[in-house]
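K.L.:
Have a look at this prediction, sequence included:
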Amino acid sequence: MNMEQTGYLHVYTGNGKGKTTSAFGLAVRALCAGRSVYIGQFVKSMKYNETKIEQLFDRVRIEQLGSGCFITREPAPEDIRLAQEGWARCAALLESGEYDLVILDELTIALHFGLLTTDQVLKTLARRNRSVEVVITGRYAPQALIDAADLVTEMQEIKHYYTKGVLSREGIDR
């Protein structure tokens, strides 16, 4: 397999803003190059503005694989069930090679809260179709995932307007 056909594993992590935004930017780039894209959003259940790319491109599929954000509470059995079912769908897509680019948004949050295990994710990634490019986003990326990745970017917050009381803004933050 030549370098052009090899799918690499990207991890976008850290406490700074921009992990999902970067992944969606890569999705637009891939779509404009004629590639197909699957985006599975763990933890999230709300369709933010970026999910509207489904209306603009034919070769993209976006699914929410959770019941919503539970950062301020313990995950419920329903959260675990949805993450496990979502991961089973993602694993099948990764192995099939149906999509050129697979983005697993907030997967590291699902790992951090124990909805999935790092071991099960790494085993699936090792079995994936080698032509599939994979992007995993979210805070708290485990070291084993970082070690397995081909490209790791850490978003570091230096300054954020949120600290001045500015809430999420339509079209900029959501």
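P.N.:
Yep, it's here.

K.L.:
tell me the SS of Phe24?
P.N.:
helix (DSSP: H, G, I helix; E, B strand; the rest coil).

K.L.:
shift numbering so it begins at 43
P.N.:
Will do, 43 is the new start, and the previous item becomes Phe66.

K.L.:
so how far is Glu212 from the nearest residue to it once chain neighbours are set aside?
P.N.:
Nearest residue to Phe66 in three dimensions, chain neighbours excluded: Glu92, at 4.6 Å (Cβ to Cβ, 6 or more residues apart in numbering). Heads up, the C-betas are built off the backbone N, CA and C, glycines and all. Distance, Glu92 to Glu212, by Cβ to Cβ, to the nearest Å: 12 Å.

K.L.:
same check, this time on Thr93
P.N.:
Thr93 is 14 Å from Glu212, by Cβ to Cβ.

K.L.:
Quick one: mean pLDDT for the helix or strand harbouring Ile151?
P.N.:
Ile151 is part of helix 149-154 when elements are defined by DSSP states H and E. For helix 149-154, the mean pLDDT works out to 96.

K.L.:
can you count the residues close to the residue lying closest to Gly108 once chain neighbours are set aside?
P.N.:
Excluding its sequence neighbours, the residue lying closest to Gly108 (Cβ to Cβ, 6+ apart) is Val85, at 4.4 Å. Per other Cβ atoms under 10 Å, the neighbour tally for Val85 reads 27.

K.L.:
Next, Val85: phi, psi?
P.N.:
Per-residue torsions, Val85: phi 70, psi -40 (degrees, to the nearest 10).

K.L.:
centroid residue for the chain?
P.N.:
Asp147 (1.8 Å; Cα atoms, centre = their mean).

K.L.:
hmm, what's the outermost residue in the chain?
P.N.:
Most peripheral residue of the chain (Cα atoms, centre = their mean): Lys206, 28.3 Å.

K.L.:
For Gly49, the count of nearby residues, please.
P.N.:
Gly49 has 19 nearby residues by other Cβ under 10 Å.

K.L.:
ok so, going back, so what's the residue nearest to the centre of the chain up against?
P.N.:
For Asp147, the contacting residues are 62, 65, 81-84, 86, 179-180, by Cβ atoms under 8 Å, 6 or more residues apart in numbering.

K.L.:
Return the member of these nearest to Leu167.
P.N.:
Of all the contacts of Asp147, Gly82 has the smallest distance to Leu167: 13.5 Å, by Cβ to Cβ.
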